[in-house]
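Colleague: fold the stuff below for me.
(2 chains)
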Amino acid sequence: MSNREIAAYFKTLADLLEIKGDNPFRIRAYRNAARTIETSGYDFVHLVQEGEDLSKLPDIGERIAQKITEIVTTGKLGKLEKLKKEFPPGILDLLRIEGIGPKRARILYEALGIGSLEDLKKAAEAGKIRELPGFSEKLEAKILKGVSLYKKEGIRFLYADAEPRARDLEAYLRRCDAIDRITIAGSFRRRKETVGDLDILITSDDPLGAMDHFTAYPVIKEIVSKGPTRSTVILENNLQVDLRRVDNRSYGAALHYFTGSKAHNIAIRKMAQERGWKVNEYGVYDGKMLPIAGEDEAGIYRLFGMEYIEPELREDRGELEAAREGRLPTLVDPEEIRGDLHCYSDFGLGRDSCEALVKKALDLGYAYLAITDRLDHLTCAHGRKCAPLEEYLETLDTLQKRYSDLTILKGAEVPIDEEGRLLDGGAELERFDLVIASADESLGLDREEQTRRHLAALAHPAVKILAHPSGRIISRRNAFDMDLRRIIEAAVEHRVLLEIDARPERLDLNDAHILQAHKLGARFALGSVAAGADEMERIHYGLYQARRGWLQSEDLANTWKIEHLLN
DNA sequence: GCCGTTTTCGGCCCGACTGTTTTCAGTCG
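Modeller: This next block holds a predicted model:
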């Protein structure tokens, strides 16, 4: 069971209790706990099995700790089962409709017995909804529209997919005379692996002109709301964009506020509260509501006696304490990358020749490059007719002689079988400078088998990197069901680097796992896993996640000098 | 239901937009 699945119990519990009209603070407590479970990076199944005291974690107390244990050991939560019986199962879908929150969902259910989107559509079409208290003809029409636009759960965009849209819109806004400063804030600025919407901050002396320009952006599908301070639109690809306008004197506060994360902001506001101050998007105010900070972001942190916190760290995962104590990491910088440690040539899955990859590496200013075609593609494994292994190694040797400015590491990615053996196809692994073990198949193994398989592979003396360790593909495939903590510990013991696979749909390990693995003493290796020279540049997506995982250059093998790396 | 550098009780982040119940609740971020 994944952390996300455990967290879902608490989210559902919170939603249902909210419809029921339960104590809002208890509801918030469940949501806070869900966030901790999802973002802390601890493996909660592992914690429960080891009998760890969960209530030490933030926002998890005695009662929620018990509930987590119940979920992990029985797969059920009694309180939730009971609550579910009080409502039709489809009622939670109503909350996903724009304009319907818990209060209106409850009214719809109690007055008209509406318990699904189907019911909702029929009632709206029959004109029954406009009669209800708190509803109107206009809202009824909005709801009907909302049903047809029903968004499936949690549509989020891969960072890499949102990036070009964001840059295009930013360029469009820059062409407007009424707009002065522009920053794309939100999870985009924090470089989160997926972004739910874009939050764009501007300054302007002509707010209406600025908003008019914004809502005239050609690829807008719908204008959700429009005001002098905030406007919201939906683009044709369903990406939501919020534009916020503030005065220059509030820019820092607004930037901080709209960069988030929500949890980070709440933590800051609580700190303000303790001092009798108040924080909002316009500034920090003292007890007399006089502004004491807000023009620039760093000034806000300074006011609280903290170092500046990089956006990637703002998740309330300990960064505020670290900033107060002056022990924030110096995050690894793109300039520090000296090489790529995972890519494919046309000997295997790649499109480009080894030489094309070498030239690209030189273009990128690298000192080394590991070309790591899959060994089963280089040998006769899987009934392939050719065995280009010798040619592969010779090619790399020849290239090395021709390009002396770049150290070429002769690499191989070797699949792990169900028992944890390396499928080396009979090749001698000593002939390679770098062996990457990867578990791509056998997703169906149970937790113990999957864990054992990985532990066996990590114990193999030739293995230096464990590829995409969790195995997840964002919004397509869950992580392996395995005890990741034990695997991390084994990697530390055997001095195996944990990969950060930079493919935008992988980003594996993810930020939370990186953070936890780092605490356990792990070291990491970035790989673009490029199948062509053009894809080598995407290594920066992996670097962003490394930064979100608090990594410094010493933690990331790609920043090491070649002598250190080889050692 | 969580939490505590006064507190084990009594708090719990803050504001914009919408629609209209013409003074604010509901929703949303």
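
Colleague: switch to C-alpha atoms for all contacts and neighbour counts from now on
Modeller: Noted.

Colleague: for A:L466, what are phi and psi?
Modeller: Its backbone dihedrals place A:L466 at phi -100, psi 120, with angles given as degrees, to the nearest 10.

Colleague: burial count for it?
Modeller: 27 (other Cα atoms under 10 Å).

Colleague: swap in A:L144?
Modeller: Neighbouring residues of A:L144 were enumerated by other Cα under 10 Å; the total is 20.

Colleague: is it true that it touches A:K121?
Modeller: Yes. Under the criterion of Cα atoms under 8 Å, A:L144 makes contact with A:K121 at 6.2 Å.

Colleague: what residues does the helix or strand where A:Q545 lies touch?
Modeller: Assessed by DSSP states H and E, A:Q545 sits inside helix A:539-548. Contacts of helix A:539-548 from elsewhere in the structure, counted by Cα atoms under 8 Å, 6 or more residues apart in numbering, are A:160, A:190-193, A:312-313, A:331-334, A:340, A:500-504, A:507, A:510-512, A:514-515, A:526-528.

Colleague: same deal with stretch A:303-317?
Modeller: Surrounding stretch A:303-317, the residues in contact under the criterion Cα under 8 Å, 6+ apart are A:40, A:189-192, A:259-264, A:267, A:293, A:298, A:301-302, A:319-320, A:323-326, A:328, A:544, A:547-550.

Colleague: stretch A:7-26 too?
Modeller: Contacts of stretch A:7-26 with the rest of the structure, by Cα under 8 Å, 6+ apart, involve A:27-28, A:30-31, A:33-35, A:37-38, A:77, A:80, A:83-84, A:92, A:102-103, A:105-106.

Colleague: what comes up buried for it?
Modeller: Of the residues in stretch A:7-26, those buried by neighbour count under the rule 16 or more other Cα atoms under 10 Å are A:7-20.

Colleague: which of the residues you listed fall in helices?
Modeller: Judged by DSSP state H, helices contain the following of the buried residues of stretch A:7-26: A:7-20.

Colleague: pick the one among those closest to A:E70.
Modeller: Out of those, the one with the shortest distance to A:E70 is A:Y9. That distance is 11.1 Å, counting by Cα to Cα.

Colleague: contact residues of the stretch 101-250 of chain A facing DNA strand B?
Modeller: In this structure, the stretch 101-250 of chain A approaches DNA strand B at residues A:101-105, A:133-139, A:199, A:224-231, A:242, judged by Cα under 7 Å from any atom of the strand.

Colleague: give me the buried entries from the residues you listed.
Modeller: Buried subset of those (neighbour count, 16+ other Cα under 10 Å): A:101-102, A:104-105, A:139, A:199, A:226, A:228, A:230-231, A:242.

Colleague: of all these, which two lie farthest apart?
Modeller: The largest separation in those, counting by Cα to Cα, is between A:A105 and A:P228 at 30.4 Å.

Colleague: quick one: neighbours of the closest residue to A:K262 other than its chain neighbours, just the number.
Modeller: Using Cα to Cα, 6 or more residues apart in numbering and skipping the chain neighbours, the partner closest in space to A:K262 is A:E315 (7.8 Å). Counted with other Cα under 10 Å, the neighbours of A:E315 add up to 20.

Colleague: just confirm A:E315 is within a helix.
Modeller: No. If the criterion is DSSP: H, G, I helix; E, B strand; the rest coil, then A:E315 is coil and not within a helix.

Colleague: tell me the confidence at it?
Modeller: On pLDDT, A:E315 comes in at 88.

Colleague: next: A:A298.
Modeller: Model confidence at A:A298, given as pLDDT, is 92.

Colleague: quick one: buried ones out of the contacts of stretch A:303-317?
Modeller: In these, burial by neighbour count holds for A:40, A:189-192, A:259-264, A:293, A:298, A:301, A:319-320, A:323-324, A:328, A:544, A:547-550, counting by 16+ other Cα under 10 Å.

Colleague: and the residue of chain A positioned farthest from its centre, how far from A:E137?
Modeller: When each C-alpha in chain A is compared with the mean C-alpha position (Cα atoms, centre = their mean), A:E131 comes out farthest, at 43.0 Å. Distance, A:E131 to A:E137, using Cα to Cα, to the nearest Å: 8 Å.

Colleague: A:G146 too?
Modeller: Applying Cα to Cα to A:G146 and A:E137 gives a distance of 14 Å.

Colleague: go on, A:E418?
Modeller: A:E418 sits 60 Å away from A:E137 when distances are taken as Cα to Cα.

Colleague: in CSV, could you pull the C-alpha coordinates for the helix holding A:Q545?
Modeller: Presented in CSV, the C-alpha positions along helix A:539-548 are these (Å, rounded to 0.1, in the frame of the first residue of the first chain):
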residue,chain,number,x,y,z
ILE,A,539,18.7,16.3,-17.3
HIS,A,540,17.7,19.6,-15.6
TYR,A,541,14.3,18.1,-14.8
GLY,A,542,16.0,15.6,-12.7
LEU,A,543,18.2,18.3,-11.2
TYR,A,544,15.1,20.3,-10.1
GLN,A,545,13.9,17.2,-8.2
ALA,A,546,17.4,16.8,-6.6
ARG,A,547,17.1,20.4,-5.4
ARG,A,548,13.6,19.6,-4.0
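
Colleague: which ones among the contacts of stretch A:303-317 map onto strands?
Modeller: When strands are assigned by DSSP state E, the members of the contacts of stretch A:303-317 inside them are A:A293.

Colleague: buried ones in stretch A:416-428?
Modeller: Going by 16+ other Cα under 10 Å, stretch A:416-428 has these buried residues: A:416-418, A:420-425.

Colleague: rank those residues by pLDDT and give me only the lowest.
Modeller: Within the buried residues of stretch A:416-428, pLDDT is lowest for A:G425, at 80.
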